[in-house]
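*Asks:* Got a predicted structure here, sequence first:
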Amino acid sequence: MAGILPVFRRSIRETWRSLLGWTIGIAAVLFLYLPLYPSVGASDQMKELIDSLPKQLIDSLGYDQITSGAGYTEATFYGLIGFLLMAITAVLWGSAPAAAEESGRAELDLAHGIGRTQYVLESALSILVRMLWLGAFAALVVWALNGPAELDLDPVRVLGASAALSGLAFLIAAAALFAGALSGRRLWATGVGAAIAVLGYILHAVARQSADLEWLHALSPYSWVYQHSPLAEGVDPAGLALTWGLALVLVAASAIVFRLRDLRG
């Protein structure tokens, strides 16, 4: 392998079809749900339905603000389906280097003059670029539908919400990358990445049940970016910085542990 950023370039080249598929999936979700807001989210029937549900359930699902454009967009996409799609891609892409090690491909790459640190960092860069693309694309589609769907969203807050979603997904991917770099096993990488996503969501939902449980927000990466609605209130700078910062720390740690241990094959 030769040239500038060989691992990064190959990763992008080999995954562009799947990236296109995830891009289409995000577009499909947004075009399916957001145009329904005037007839569903803002309707009197929806308000009556929300009022009839238990408060704990409403808080857990994040439906307490669903009758507003910002609340509807966050409840349907950024906090639920969009998060699910991005979390799945994060786990898949974050565990890919471990899968390459299991198959022996990583060892072949390293035998062609690529350093271990370079291998991990370029793998992480390819994940980051794809996550940023999906987040930016989601922001563009949301903004394009803002007027027709009568969402009344602020463009700066749309960008903030997409940065939060991309950061959360990259943190999940970085956790999977670290587990894979530490163990050399795709199973461990997948499990850790999925655990961060699922436990983060569950802790956030439980923390919203009672004031006595609000301390759980501090343990949930999901809460770091969504405890305060990024679309309605603006993104929380501290939570956003913590999410992105921890992701970068995990990437650096991945490079260190991968360099220090023997490869599996």
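*Replies:* Noted; the coordinates are in hand.

*Asks:* From the contact counts, what lies against the lengthiest helix in the chain?
*Replies:* When the chain is parsed with DSSP state H, its longest helix is helix 116-146. Applying 3 or more CB pairs under 8 Å, 6 or more residues apart in numbering; DSSP states H and E, we find helix 116-146 packed against helix 6-33, helix 82-103, helix 105-111, helix 155-183, helix 237-260. Every residue, glycine included, has its C-beta placed from N, CA and C.

*Asks:* May I see the buried residues of it?
*Replies:* Within helix 116-146, the residues that count as buried by 16 or more other CB atoms under 10 Å are 116, 118-128, 130-132, 134-135, 137-139, 141-142, 145-146.

*Asks:* Next, the angle from that helix to helix 155-183.
*Replies:* Relative orientation of helix 116-146 and helix 155-183, computed by axes from the mean of the first three to the mean of the last three CA atoms, to 10 degrees: 150 degrees.

*Asks:* Identify, out of the helices and strands packed on helix 116-146, the most deeply packed stretch.
*Replies:* Most buried of the helices and strands packed on helix 116-146 by mean neighbour count (mean count of other CB atoms under 10 Å) is helix 155-183; its value is a mean of 25.

*Asks:* What's the mean pLDDT across the helix or strand just after that one?
*Replies:* Next along the chain after helix 155-183, taking DSSP states H and E as the criterion, comes helix 186-207. For helix 186-207, mean pLDDT is 96.

*Asks:* about what we covered before: can you tell me which of the helices and strands packed on helix 116-146 is nearest to V198?
*Replies:* helix 82-103 (8.4 Å; CB to CB).

*Asks:* I'd like to know which elements that closest one is packed against.
*Replies:* Looks like helix 82-103 contacts helix 6-33, helix 105-111, helix 116-146, helix 155-183, helix 186-207 (3+ CB pairs under 8 Å, 6+ apart).

*Asks:* Work out the gap between it and the centre of the chain.
*Replies:* Distance, stretch centre to chain centre, for helix 82-103: 11 Å (CA atoms, centre = their mean, to the nearest Å).

*Asks:* Next, the angle helix 186-207 makes with that helix.
*Replies:* Inter-element angle recorded for helix 82-103 and helix 186-207: 160 degrees (by the same axes, to 10 degrees).

*Asks:* Name the SS class of E150, please.
*Replies:* Three-state call for E150 (DSSP: H, G, I helix; E, B strand; the rest coil): coil.

*Asks:* Which residue, other than its chain neighbours, is closest to it?
*Replies:* P38 (4.9 Å; CB to CB, 6 or more residues apart in numbering).
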